[in-house]
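Novice: Predicted model and sequence below, questions to follow.
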Amino acid sequence: MAFPEKGLPVLLNIVGSTCLLVWTSALLAQLALRLRAEGNGTGLPLRMSGFRGSLWLAWLF
């Protein structure tokens, strides 16, 4: 049976790509919403310490 040798790497690549896409979209959404809230002067109920630095650090990894 040739499926595991040919099909499994393709399936794993699809799963990995989907995880990276979801992770990237979450980072972009957080950055956009935080910057929009700061621009409007809206106070946010939860603020992580080191917001900008931690976001850019996440981009590196």
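Specialist: Cool, the structure landed. If you're wondering where the values come from, they're calculated on a predicted model, not measured in any experiment. Numbers count the residues shown, from 1 in each chain.
Novice: Spell out the secondary structure type for Ser49.
Specialist: coil (DSSP: H, G, I helix; E, B strand; the rest coil).
Novice: can you map out the helices along the chain?
Specialist: Using DSSP state H, the helices of the chain run over 3-40, 51-60.
Novice: pLDDT score for the most centrally placed residue in the chain?
Specialist: Residue closest to the mean C-alpha point of the chain, counted by C-alpha atoms, centre = their mean, is Trp23 at 2.4 Å. Listed pLDDT for Trp23 reads 89.
Novice: ok, it to Leu8 distance?
Specialist: Look at Trp23 and Leu8: by C-beta to C-beta, to the nearest Å, they are 23 Å apart. C-beta: built from backbone N, CA, C; applies to glycine.
Novice: before we move on, what about Val22?
Specialist: Counting by C-beta to C-beta, the gap from Val22 to Leu8 is 21 Å.
Novice: Please list all residues in contact with Trp59.
Specialist: Leu27 (C-beta atoms under 8 Å, 6 or more residues apart in numbering).
Novice: And the lowest mean pLDDT element among the helices and strands of this structure?
Specialist: Taking mean pLDDT, DSSP states H and E as the measure, the helix or strand of the chain with the lowest value is helix 51-60, at a mean of 73.
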